[in-house]
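Chemist: Sequence first, then the predicted structure:
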Amino acid sequence: MAFEISLPARGTTVRTTLSESAPSGAALLVPVAHGEDGIEVPVTALAPKGLLEALVAVGAKGTEGEVTRLLIDDHLVTAFGLGDASEIDDEAVRRGVGAAARALNDVERAAISAEFGVAPVVEGLLLGGYTYTGLKSQAEVQDDENSDAETPQTTEVTVVGADEAEYNAAVIVAESVNLARDLVNTPANYLYPESYASVMGEVASTAGLDIEVLDDTALEEQGFGGILSVGRGSSRPPRLVHLTWAPSDASTKVGLVGKGITFDTGGISLKPGSGMEDMISDMGGSAAQLAVIAASARLKLPVRIDAWLPLAENMPSGTATRPGDVITHYGGITSEVINTDAEGRLVLADAVARACEDDPAYLIETATLTGAQLVALGNRTAGVMGSDELRDLIAETGRGVGEQAWAMPLLEEQEDELKSPIADIRNTHNARTGGMLFAGLYLSRFVPEDIEWAHIDIAGPAWNGGAPYGYTPKRATGAPVRTIVETLSRLVDKQ
Ligand code: BES
Ligand code: MN
Ligand code: ZN
């Protein structure tokens, strides 16, 4: 495994290897699409004779998500649906392979051809095969009655005929996504600011990153009033983690910021109990940025990256911040806390202000920031705000890698709603409209004019509360790791 880190449990996924041929006895993973005249199977070195006829005989349709298991001569075959034959793209391959990977539990060895695209095949396998059973003391067995059960993955899949460099890069990206998933899936009694910062130290040493951890004393000394105010209600003090990847051939400089609320109760503005357990995912933005900077280092991306990750637990208590309190952010902007459940923007404001002091050409920040994001865009589509060009690049890049994203505006008419009678700004606007955009506008106040920046609200996309689909498992998804890694490569190409 790529990252040896101290967590009570990790997710499991298939193991992949690279080879010129399929090992004998391996189950063959082959695609099937539906065309105008019925199903079509792409001609591939690994397709056994009689595949098409056999699939027709069992009524396979080739629809997306369909997985058909057959025995042809002596070969175990798992056929995965790609959907419409005229619309096959990387995402169709990732989803089809992902669905196949989830159905491999009881198979020891499998093989797949890299002809359908090295990266989508590898990502489909490693991302789709991922499953997290946490601290269950015994694996549940998947049977017809218990279709929901998840058994740890042990299958070894040989990827046949892939270019080695492409293969290695895809493995790094997929392992990084799964690292973010592991962190987000970890319960908050195990993952809290101090333990999370120490896991970041482990990741940093594996990936070759510099790390500096600011504890509560350092935060006090340097004036990080937003992070301190959110962490104040918890017996577990906050942290700010600074990670650096500084290659000698860097062609540009990027700042990364990610929300690291290890649990969000809402604080004194307490959330309702129903579904509150999902708030272990409120550190998803910071987990994604940790995964991004680690992937960038392992991929040796020629870009200087400074990640600033604010970590805090938002709890109600006698020492917690109250509605009506006024806090002073890093850099001096004051904020009236109207609602202690709008805590993400408070910790992010400090981290964004600090990240901008490094004078990056681009600043990319991501957070599980607002319930309003889910209202506006649903569960799977991130809202992207910020400077026009970077915002649009990220939204388009997200859609390109299969992490849905959409550009959203910052509204002039909400400027007035930011005003407070007793502070520079206030953290909520007491309106039912445009909550995601208001949060974006709040953050924009901490970014100087000359820095291109983007804010990615992943409240919905970071967590899959439903059944697995394509290459997305239940619970943590690892979004938007692949979007940001791909954006960084595009920014490098632009230089
Ligand atoms: N962490 C939540 C946002 C969230 C909601 C993430 C649902 C994932 C799923 C955030 O801290 C929050 O509570 N936001 C409030 C802001 C409000 C008080 C202005 C919200 O969206 O309700
Ligand atoms: Mn909250
Ligand atoms: Zn939150």
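Modeler: Ah, there it is. Ligands and ions are numbered 1, 2, ... in the order given.
Chemist: Return the residues in contact with residue 422.
Modeler: The contact partners of residue 422, by CB atoms under 8 Å, 6 or more residues apart in numbering, come to 326, 336. Yep, even glycine has a C-beta here, placed from its N, CA and C like the rest.
Chemist: cool, and residue 129?
Modeler: Counting by CB under 8 Å, 6+ apart, residue 129 makes contact with 12, 13, 14, 98, 101, 102, 104, 153, 155.
Chemist: What about those residues, which are in helices?
Modeler: Those of these mapping onto helices are 98, 101, 102, per DSSP state H.
Chemist: Is it correct that residue 72 is in contact with residue 52?
Modeler: No - the pair residue 72 and residue 52 does not pass the contact test of CB atoms under 8 Å, sitting 10.5 Å apart.
Chemist: In the stretch 51-200 of the chain, what residue spans correspond to strands?
Modeler: Using DSSP state E, counting those that start in this stretch, the strands of the stretch 51-200 of the chain run over 67-72, 75-84, 109-113, 156-160.
Chemist: so what does the second one touch, helix or strand wise?
Modeler: Put plainly, it is strand 75-84. Where contact means 3 or more CB pairs under 8 Å, 6 or more residues apart in numbering; DSSP states H and E, strand 75-84 is packed against strand 27-35, helix 51-57, strand 67-72, helix 90-102.
Chemist: Now the phi/psi pair for the residue in the stretch 251-400 of the chain that ligand 2 sits nearest to, please.
Modeler: Residue nearest to ligand 2 within the stretch 251-400 of the chain: residue 341 (3.9 Å; CB to the ion). Phi and psi for residue 341, reported as degrees, to the nearest 10, are phi -80, psi -10.
Chemist: Please shift the residue numbers so they start at 12 in all later answers.
Modeler: Sure, I'll start numbering at 12, so the last one becomes residue 352.
Chemist: need the contact list for it.
Modeler: Counting by CB under 8 Å, 6+ apart, residue 352 touches 275, 277, 278, 280, 281, 282, 325.
Chemist: Is there contact, residue-wise, from the helix or strand harbouring residue 306 to ligand 1?
Modeler: Following DSSP states H and E, one finds residue 306 within helix 295-309. No - for helix 295-309, no contact with ligand 1 is found by CB under 6 Å from any ligand atom; the gap never falls below 8.3 Å.
Chemist: Name the residues of that helix that come out as buried.
Modeler: 295-309 (16 or more other CB atoms under 10 Å).
Chemist: Relative to residue 29, which of the residues you listed is nearest.
Modeler: residue 309 (16.9 Å; CB to CB).
Chemist: Mind pulling the model confidence for the closest residue in space to the closest one that isn't next to it in sequence?
Modeler: Leaving aside its chain neighbours, residue 309 sits nearest to residue 183 (4.8 Å; criterion: CB to CB, 6 or more residues apart in numbering). Looking at residue 183, its pLDDT reads 98.
Chemist: now swap in the one 10 residues further on and tell me
Modeler: The model reports residue 193 with a pLDDT of 98.
Chemist: wait, it sits on residue 143?
Modeler: Yes - shown here, residue 193 and residue 143 form a contact pair, counting by CB under 8 Å, at 7.3 Å.
Chemist: Find the residues that touch each one of the two.
Modeler: Counting by CB under 8 Å, 6+ apart, the contacts common to residue 193 and residue 143 are 21, 22, 487.
Chemist: and residue 412, what does it touch?
Modeler: Applying CB under 8 Å, 6+ apart, the residues near residue 412 are 493, 494, 497.
Chemist: ok, back up a step: next, format the strands of the stretch 62-211 of the chain as CSV and append mean pLDDT, mean neighbour count and distance to residue 15.
Modeler: Supplementary listing: the strands of the stretch 62-211 of the chain in CSV, determined by pLDDT from 0 to 100; neighbours: other CB atoms under 10 Å; distance: least, CB to CB, whole Å:
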stretch, mean pLDDT, mean neighbour count, distance to residue 15
strand 78-83, 95, 16, 33
strand 86-95, 95, 21, 31
strand 120-124, 97, 23, 26
strand 167-171, 97, 22, 20
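Chemist: Was I right to think residue 123 contacts residue 108?
Modeler: Yes - counting by CB under 8 Å, residue 123 touches residue 108, with 7.0 Å between them.
Chemist: Need the overlap of contacts for those two.
Modeler: Residues within reach of residue 123 and of residue 108 at once, by CB under 8 Å, 6+ apart, are 40, 132, 136.
Chemist: if we can go back for a sec, following the helix holding residue 306, which helix or strand shows up next?
Modeler: strand 315-325.
Chemist: Can you check what angle separates that following strand from helix 295-309?
Modeler: Angle, strand 315-325 to helix 295-309, by axes from the mean of the first three to the mean of the last three CA atoms, to 10 degrees: 150 degrees.
Chemist: Strand 315-325 - what's its average pLDDT?
Modeler: For strand 315-325, mean pLDDT rounds to 99.
Chemist: Who are the packing partners of it?
Modeler: Applying 3+ CB pairs under 8 Å, 6+ apart, one finds that strand 315-325 makes contact with helix 204-218, helix 236-242, strand 250-256, strand 264-269, strand 271-275, helix 295-309, helix 355-368.
Chemist: Tally up the residues packed near residue 98, please.
Modeler: Burial of residue 98 is recorded as 11 neighbouring residues (other CB atoms under 10 Å).
Chemist: same check, this time on the one 4 residues further on
Modeler: For residue 102, the count of nearby residues is 19 (other CB under 10 Å).
Chemist: Identify the residues contacting the closest residue to it other than its chain neighbours.
Modeler: Once flanking residues are discounted, residue 102 sits nearest to residue 413: 4.4 Å by CB to CB, 6+ apart. For residue 413, the contacting residues are 101, 102, 105, 106, 481, 493, by CB under 8 Å, 6+ apart.
Chemist: what about 10 Å?
Modeler: 100-103, 105-106, 109, 131, 134, 138, 481-483, 490, 493-494 (CB atoms under 10 Å, 6 or more residues apart in numbering).
Chemist: Just put the shared contacts of residue 123 and residue 108 in CSV and tack on distance to ligand 2 and pLDDT.
Modeler: Below are the shared contacts of residue 123 and residue 108 laid out as CSV (distance: CB to the ion, whole Å; pLDDT from 0 to 100):
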residue, distance to ligand 2, pLDDT
40, 42, 96
132, 39, 98
136, 36, 98
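Chemist: Would you convert the residues you listed into JSON lines that also reports distance to residue 401 and neighbour count?
Modeler: Listed next are the shared contacts of residue 123 and residue 108 as JSON lines, based on distance: CB to CB, whole Å; neighbours: other CB atoms under 10 Å:
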{"residue": "40", "distance to residue 401": "38", "neighbour count": "30"}
{"residue": "132", "distance to residue 401": "30", "neighbour count": "28"}
{"residue": "136", "distance to residue 401": "32", "neighbour count": "31"}
